[in-house]
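Asker: following is a predicted model, sequence given first.
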Amino acid sequence: MSEMRKGTRCWLASVLALGLAACTNVSADTEYFGRVTPPEGQVMRYISGSEPESLDPPVSSGQPEARLYMAIFEGLTEYDPKTQEPIPGVAESWEINEDSSEFLFHLRRDALWTDGSTVDAHDFVYSWRRGLSPELASRNAYLAYEIKYAQPYNEGAVFVQNAASGEYVLEQALSGGEPGEAVEVSDDTAFHAFIAGPNRLTLPGDEASRQAMFDEDPVLAELVRNKDFVPVAARDVGIEAVDDFTFRVTLVRPAPYFVGLIAHQMFKPVHRQTVERFGDTWTKPENIVTNGAFRLVSWKPYNEILLEKNPTYWDAETVRLERLIFYPMEEATTMMNLYKAGEVDAVYNHVVPAAWLDVIRPMLDYMDSPENAIEYYMFNTTQAPMDDVRVRKAFNAAIDKVALAEYRRVSKPLTAFSPEGIYPGYPQPKGDQFDPVRAKELLAEAGYTDASGKFDPSTFPVGDVELTYNTSESNRQVAEFVQAQWKQNLGLTVGLRNMEWKTYLVTRAALEYKGISRAGWVGDYMDPFSFLNILYTPTGDNGTGWWDPEYVQMLDDANRTLDPTERYRLLAEAEAFMLDYQPVIPLLTSATNWMKKPYVKGMYPNAGTMHPWKFVYIEHDESKWDRGIPDMD
Amino acid sequence: MLRFILRRLIVTLPMVLVVISLTWGLIRLAPGNFYTGEKAIPPAIEENLRAKYGLDQPWYVQYGRMISNTLRGDFGNSLRYQGQSVNEILAISLPVSASIGIAAYLLALVFGVLVGVISAVKQNSSMDYTSMTFAMIGISLPNFVMGPILVLAFGLTLFWLPPARWEGFFSIHTILPVITLSAVYMAYIARLARSGMLEVLRSNYIRTARAKGLNEWQVVMRHGLRGGLLPVVSFSGPALALLISGTVIVERIFALPGLGNYFINANLNRDEPLIIGIVAFMSISVLIFNLLVDVAYGFFDPRVRY
């Protein structure tokens, strides 16, 4: 009896499964996915991904939040809707000094807060200092570390001062240079004279770390003996309101990409009086004061964020949308359902499930482009056998990345470390190509041979290698593909290990993984340096244990170079240099993979999927609809 | 009776404290923290964050603070959602989960009992077989299959109902999630009611009732139901507690801003105050509903006395 029942159940289940499969087979002959009826008037409904952590710009580091901040706050610069290069925001124009270490922004005079007051340079000084303050503890603060004394301030470091003379100990004193040497600067303000002057020595804020440094370095200990430690303060950070509408930033090292970087949420202005008056609740709809093209009307968590056109915005003429609605949600299928039913007008990136692509890709409302993001594997170069560059090179050369990209459907193969095809004019190095024969030779050279000197898989300590990834369907697919490649091309069966996200992050950062670990990176600005920077420091996001001062020097040299073409050439050289040590296995350049209805205009499949909302509108005239990917030139 | 209820209520508090203490310990065991992200945080920023949220204090201080917060009914601020208190989040998300859950339960109860009783009375009829087949399908079909099938049919093919989102309880958006959620419970209740009724209908006191000359309708409704529904009653306690505190899957399929959704994200985000708040709420509701079930027994079963 029970057997029979079980049989019936199975039968039912399979009938239902068949029915489901038949139903989900969306007819492929339609031009668009689902309904294409534009909403009444100028209303845009957008699925924005996870629920925003906060509406306080420097607090959250996510992309879903970034897209929301872009609507309600305006920074000095904003992203171009097509190229993602910086365009003027509150700053009308800017001047850059000859080595890209000082930036002078001229602010427009008609930029207003929603309470009617003017957005001026002092607002930016306040906001940036606040973003960097240790009390706010922003996770984005590191993005502003290019600014002089920003890092010491954020880390609670100290200057060293001679109590008697009031003079500060300089960095150059440590390297044997003449202390207190005057540097010629066009010192129009006292602050500028200080900030453009020689670097002051900074030391860790806590006694114990300082003592450790003194124990290690007697010269340093001698230098600071009987001197006072003065905490680096907000006023020491290299930002200055030269006048109400001129804002100057002094960097600690050259950063030609800085103007693009400050379109990031970390650098958006916040309204001082509101923040100071309401504290943590200043972002509530009833309290918030903003300066963007839209203003916040209501915020229902996990449900809906309603924005409307901001009439006080300086460029309100350009803004066509009357209302902009964000729907935060997390289930891709649900998003696609809402899109198909015509309940939303566009979705954010990476939403279309891989299994649907055959149906969706030919449709005219499918948006795709290479993304400013990569997927790669990192080697733990601190442990055998991956401490041997030949082994690393062999594991890299044994993966057919073209086949991997075809299998993944939405990505492009990657052999270098910066994403491919999104930086015009960047002479990207190629990296090692797929070459299984060479891979075996490399392993043989590394000593894993049989008696005849040929590579012998049984001699390789494959038990010491494991491919660790964070649990997700797509990561598992990639890992299994790569595992099969190594099995096929090297005869090695590498174990797979998946981990829950936060567990995986901790393991990876502590270099506790065996051999190989998955990683992904989304660029913070449109420049290869946003990726090359990952291995600029030995710790932090590096995760490989590989670090070379020569690489750092090469990157610094590149960033000091004025000519953009020459700078790109030097960056590419550094990239090739790093790839030669193969601390990573580049795998894929991500693709943006999203959808928008044809009547949504002014929204482009750019490399960051960042849409400056003031250019977006609903086109009711069917003859002007976007049929396919809109013109990106 | 009153003493029984009081005694049970007094036990509730320490039990909730035990549950949240265990939860708190488990959160500590999980690697990572609410601020861990793909982009590594420089040690200095991490220190700032730890100081800001009191994570740099010894564990017993943190534990004591958590317990005292819980006792005061104030779970503090969410670590993930800045500027939002756990109580605020509960106040927003609980009504969503509870209204959907209660509606689903009532729907399941009415139809489940109806179908179950009819099947029992007409045992082995074609009606019995048909309804029990559907009940079996309902039990076997998880709601992550049921939900999408309904969405496909009514949301994406017929375009009668919206496929997802929340627009308040009294809107057409609630129809599909309520049906999806109630299906399994409806099927369970139908089977429980049927077997309960079958057992009761064979008992002596029913035979007595029939012998008295009562008509079948009176026998079933007045005498049979009370005893026959006991299994449904005991099933209802935990079922209601689960339904009210939100069901992750249905909330995700239909993008509902309910507790279940918050709970799963709170765990993934290591949002300790929010986890504690939701666990405390869930354990209280499980305990209370079980108490209600026990009290209800007294009404349904004349043999039970407190």
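Answerer: Ah, there it is.

Asker: may I have the phi/psi pair for A:E92?
Answerer: A:E92 adopts backbone torsions of phi -80, psi -40, taken as degrees, to the nearest 10.

Asker: that one and A:A111 touch, don't they?
Answerer: No: counting by CB atoms under 8 Å, A:E92 stays clear of A:A111, with 9.2 Å between them. Bear in mind the C-beta positions are built from the backbone N, C-alpha and C, glycine included.

Asker: which residues does A:V297 contact?
Answerer: By CB atoms under 8 Å, 6 or more residues apart in numbering or on different chains, the contact list for A:V297 reads A:P285, A:L306, A:L307, A:E308.

Asker: most neighbours among the residues you listed, which one?
Answerer: Within the contacts of A:V297, most neighbours by other CB atoms under 10 Å in any protein chain shown means A:L307, with 25 neighbours.

Asker: just name the closest of the contacts of A:V297 to chain B, please.
Answerer: A:P285 (11.7 Å; CB to the nearest CB).

Asker: tell me how far A:K440 lies from A:W486.
Answerer: Remark: distance between A:K440 and A:W486 (CB to CB, to the nearest Å) = 11 Å.

Asker: what about A:D556, neighbour count?
Answerer: 15.

Asker: before we move on, what about the one 5 residues further on?
Answerer: Per other CB under 10 Å, the neighbour tally for A:T561 reads 19.

Asker: list the residues that contact residue 126.
Answerer: I went with chain A, as the question did not name one. By CB under 8 Å, 6+ apart, A:Y126 lies in contact with A:P269, A:V270, A:R272.

Asker: which ones are touching the closest residue in space to B:N48 that isn't next to it in sequence?
Answerer: Nearest non-adjacent residue to B:N48, counting by CB to CB, 6 or more residues apart in numbering or on different chains: A:A137, 3.9 Å away. Contact partners of A:A137, counting by CB under 8 Å, 6+ apart, are B:I45, B:N48, B:L49, B:A51, B:K52.

Asker: may I ask which of the residues you listed has the most neighbours?
Answerer: Greatest neighbour count in these, by other CB under 10 Å, goes to B:N48: 24 neighbours.

Asker: you'd agree that residue is in a helix?
Answerer: Yes: per DSSP: H, G, I helix; E, B strand; the rest coil, B:N48 lies within a helix segment.

Asker: next, count neighbours for the residue in chain A positioned nearest to chain B.
Answerer: Residue of chain A nearest chain B, by CB to the nearest CB: A:K502 (2.5 Å). When neighbours are counted by other CB under 10 Å, A:K502 registers 21.

Asker: quick one: low-confidence parts of the stretch 101-250 of chain B?
Answerer: Within the stretch 101-250 of chain B, the stretches with pLDDT under 70 are B:246.

Asker: can you pull out the helices in it?
Answerer: Secondary structure of the stretch 101-250 of chain B (DSSP state H, counting those that start in this stretch): helices located at B:126-140, B:143-150, B:175-201, B:204-211, B:216-218, B:225-228, B:230-244, B:248-253.

Asker: any chance of CSV for those helices, columns distance to chain A?
Answerer: Converted to CSV, those look like this (distance: least, CB to the nearest CB, whole Å):
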stretch, distance to chain A
helix B:126-140, 6
helix B:143-150, 7
helix B:175-201, 11
helix B:204-211, 27
helix B:216-218, 30
helix B:225-228, 23
helix B:230-244, 18
helix B:248-253, 5
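
Asker: quick check: closest non-adjacent residue to A:D56.
Answerer: Once flanking residues are discounted, A:D56 sits nearest to A:T283: 5.4 Å by CB to CB, 6+ apart.

Asker: just checking, the one you found touches B:Q84?
Answerer: No: A:T283 is beyond contact range of B:Q84, at 9.5 Å (criterion: CB under 8 Å).

Asker: looking at these two, which is more packed in?
Answerer: Set A:T283 next to B:Q84 and count neighbours by other CB under 10 Å: A:T283 wins out with 24 against 21.

Asker: so who does that one touch?
Answerer: Listed by CB under 8 Å, 6+ apart, the contact set of A:T283 reads A:S54, A:L55, A:D56, B:Q82, B:G83.

Asker: what packs against the helix or strand hosting A:R390?
Answerer: Assigning secondary structure by DSSP states H and E places A:R390 in helix A:389-397. Taking 3 or more CB pairs under 8 Å, 6 or more residues apart in numbering or on different chains; DSSP states H and E as contact, the helices and strands that helix A:389-397 lies on are helix A:436-445, helix A:473-490, strand A:584-591.

Asker: could you point out which element follows it?
Answerer: Next in sequence after helix A:389-397, counting helices and strands by DSSP H and E, comes helix A:401-408.

Asker: test my guess that A:P427 contacts A:Y568.
Answerer: Yes: using CB under 8 Å, A:P427 is in contact with A:Y568, at 6.3 Å.

Asker: what's the closest non-adjacent residue to the closest residue to chain A within the stretch 101-250 of chain B?
Answerer: Using CB to the nearest CB, the closest approach of the stretch 101-250 of chain B to chain A is made by B:P163 at 3.9 Å. Nearest residue to B:P163, sequence neighbours excluded (CB to CB, 6+ apart): B:G155, at 3.3 Å.

Asker: identify the residue nearest A:R323 in space, chain neighbours excluded?
Answerer: Spatial nearest neighbour of A:R323, excluding adjacent residues (CB to CB, 6+ apart): A:V43 at 4.7 Å.

Asker: in stretch A:265-276, what's buried?
Answerer: A:Q265, A:M266, A:F267, A:K268, A:P269, A:V270, A:H271, A:R272, A:T274, A:V275 (16 or more other CB atoms under 10 Å in any protein chain shown).

Asker: kindly provide the distance from the fifth one to A:G292.
Answerer: What that stands for is A:P269. The gap separating A:P269 from A:G292 is 10 Å, by CB to CB.

Asker: inside helices: which ones of the buried residues of stretch A:265-276?
Answerer: Counting by DSSP state H, the part of those found in helices is A:R272, A:T274, A:V275.

Asker: from those residues, which is closest to A:T471?
Answerer: Taking CB to CB as the measure, A:T471 lies nearest A:V275 of those, at 38.3 Å.

Asker: the nearest residue to that closest one once chain neighbours are set aside: what secondary structure?
Answerer: Spatial nearest neighbour of A:V275, chain neighbours left out: A:W282 (4.9 Å); criterion: CB to CB, 6+ apart. Following three-state DSSP, we place A:W282 in the helix state.

Asker: and A:V506, by the same measure?
Answerer: Once three-state DSSP is applied, A:V506 turns out helix.

Asker: centroid residue for chain B?
Answerer: Geometric centre of chain B, nearest residue: B:L242, 1.5 Å, by CA atoms, centre = their mean.

Asker: that one and B:S99, how far apart?
Answerer: Counting by CB to CB, the gap from B:L242 to B:S99 is 15 Å.

Asker: and if you look at B:P257?
Answerer: To B:S99, B:P257 is 12 Å away according to CB to CB.

Asker: neighbour count winner among those two?
Answerer: More crowded of B:P257 and B:S99, by other CB under 10 Å: B:P257, with 23 against 17.

Asker: wait, the more buried one sits on B:L90?
Answerer: No: between B:P257 and B:L90 there is no contact under CB under 8 Å: 12.0 Å.

Asker: count of residues packed around whichever residue of chain B sits closest to chain A?
Answerer: Chain B approaches chain A most closely through B:G32 (2.5 Å), counting by CB to the nearest CB. Neighbours of B:G32 under the rule other CB under 10 Å: 20.

Asker: tell me which element it falls in.
Answerer: Assigned by DSSP H and E, B:G32 falls within no helix or strand.

Asker: quick check: phi and psi on the residue lying closest to it once chain neighbours are set aside?
Answerer: Spatial nearest neighbour of B:G32, chain neighbours left out: A:K502 (2.5 Å); criterion: CB to CB, 6+ apart. Main-chain torsions, A:K502, degrees, to the nearest 10: phi -70, psi -30.
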